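*Asks:* 3D, please:
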Amino acid sequence: MKTANWNPWHGCKKISEGCRYCYVYRQDSRYNPEIQSSEVRKTSSFDLPLKRKRDKSFKLESGTLVFTCFTSDFFVDEADNWRTEAWKIIKERSDLIFYIFTKRIDRFNVSLPPDWGDGYENVIIGCTIENQQRANYRIPIFRELPIRHKTIICAPLLERVELREWLDKSIEKVAASGESGNEARICDYEWVLDIREQCINADIPFCFHQTGAKFLKDGKLYRIIRKYQISQAKKAGIDYRINHPG
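*Replies:* As a prediction, this is how the structure comes out:
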């Protein structure tokens, strides 16, 4: 499957412990070392899914998986006035799959389209949690929302997390990742394996997406540079995919 990135707006504000060393702030600080907040602003790519080539075909081909708003949060309050238009674009391009991660699942209903119903078929929502406290708050809200495709994203994983009470067939996938960056906090492989075991017991797919920059395994701390964090996670070979007969 082809993939693409779409950032209709850029910038965010820190709201929980997982945001402490946010990569968006790191990116913005390259241009302003004194930056203390990341200004939320509409981007020139706002209408990217609707843009066409010279031959009038769409630049984003049908069937593309579109990672949406990964340099912000789709539900950040500063974008409330833009979100209605963004939802219209998502609906118009029903042939694309839009994957949206959020730490603000409690704001999901703000500016929600009136025709949303049980959810658009081409939208996947990933509820991001980083520790047990955020899981206890966000996931119960997430489970009750009208969303067709739900995933839980444990990133950056900061501690062992218990998810069992929420893992049922309404959750299509769980992913886990360590934290990137020079100031990254440690990701313990045992925490990752524990989440994997919870998923296997619930018969839900699991993905170990990336190790993070500081990865603890068998009592040894590994420092892994950014370009190898995804490949090293894949080398672990612990992803769990369900293959039911028929």
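
*Asks:* just the helices in the protein please.
*Replies:* 23-29, 80-92, 132-144, 189-202, 226-235 (DSSP state H).

*Asks:* Out of these, flag the one nearest residue 15.
*Replies:* Among those, helix 132-144 comes nearest to residue 15, with 9.7 Å by C-beta to C-beta. Every residue, glycine included, has its C-beta placed from N, CA and C.

*Asks:* Residue 66 is in contact with residue 98, isn't it?
*Replies:* Yes - contact status for residue 66 versus residue 98: in contact at 5.0 Å, counting by C-beta atoms under 8 Å.

*Asks:* From residue 215, how far out is the residue nearest to residue 59 when sequence neighbours are not counted?
*Replies:* Distances taken as C-beta to C-beta, 6 or more residues apart in numbering place residue 51 nearest to residue 59, at 4.8 Å, with adjacent residues excluded. Separation of residue 51 from residue 215 (C-beta to C-beta, to the nearest Å) stands at 39 Å.

*Asks:* ok, these two, which is more surrounded?
*Replies:* residue 215 (24 against 10; other C-beta atoms under 10 Å).

*Asks:* For that one, which non-adjacent residue is spatially closest?
*Replies:* Nearest non-adjacent residue to residue 215 (C-beta to C-beta, 6+ apart): residue 222, at 4.6 Å.

*Asks:* got the residue ranges for the strands in the chain?
*Replies:* Shown for the chain, the strands assigned by DSSP state E span residues 3-6, 9-10, 41-42, 65-68, 97-102, 123-129, 149-154, 171-177, 187-188, 206-210, 214-217, 220-223.

*Asks:* Just the pLDDT for the residue positioned nearest the centre of the chain.
*Replies:* Central residue of the chain (C-alpha atoms, centre = their mean): residue 101, 3.2 Å from the mean position. You'll see residue 101 listed with a pLDDT of 98.

*Asks:* can you pull the contacts of it?
*Replies:* With contact taken as C-beta atoms under 8 Å, 6 or more residues apart in numbering, residue 101 is in contact with 69, 70, 73, 126, 128, 153.

*Asks:* What is the neighbour count of the last one?
*Replies:* Looking back up the chat, that one is residue 153. Residue 153: 22 neighbours (other C-beta under 10 Å).

*Asks:* what's the answer for the fifth one, then?
*Replies:* Other residues near residue 128 come to 23 when the count uses other C-beta under 10 Å.
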